[in-house]
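**Q** Next comes the sequence, and after it the predicted model I'd like to discuss.
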Amino acid sequence: MPKAIWNGAVLAESDQCEIVENNYYFPASAINQQYFKPSSTHTTCPWKGVASYYSLEVDGQGNQDAAWYYPEPKDAAKNIRGYVAFWRGVKVEA
């Protein structure tokens, strides 16, 4: 079962992931909320839409904007509505 790990903590784990552009998107229900803090960062993808971000905090260490999601994805990416993906050193083990 795929899991996202950073700083020794399992951030998310699910067998219901969506894979888009080689990124694992985990359902929001599979993330361990205690490690996630909302961020004011937003970016735009031409085909997915506007992304929002979370920063991570595990054992006092932070990882700014290390998780992203599309709250209102475009039709081409509607399969990732409500899903969260990772980067910036977060390891996804499949």
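**A** Looks like it arrived, so ask away.
**Q** What segments of the protein are strands?
**A** With DSSP state E as the criterion, the chain has strands at 3-6, 9-13, 18-20, 23-27, 36-45, 49-58, 61-69, 83-86, 91-93.
**Q** Go through these and name the closest to Ala76.
**A** strand 49-58 (8.9 Å; C-beta to C-beta). Heads up, the C-betas are built off the backbone N, CA and C, glycines and all.
**Q** quick one: strands adjacent to that closest one?
**A** The pairing partners recorded for strand 49-58 under DSSP bridges are strand 36-45 (antiparallel), strand 61-69 (antiparallel).
**Q** most neighbours per residue, which of the ones you listed?
**A** A comparison of the strands paired with strand 49-58 by mean neighbour count, using mean count of other C-beta atoms under 10 Å, puts strand 61-69 on top with a mean of 18.
**Q** Touching that one from outside, list them.
**A** The contact list for strand 61-69 (C-beta atoms under 8 Å, 6 or more residues apart in numbering) reads 6-7, 11, 25, 28, 31, 36, 39, 41, 43, 51-57, 80, 82-90.
**Q** Need the outlier residue of this protein, farthest from its centre.
**A** Using C-alpha atoms, centre = their mean, the residue of the chain lying farthest from its centre is Gly60. It sits 19.8 Å away.
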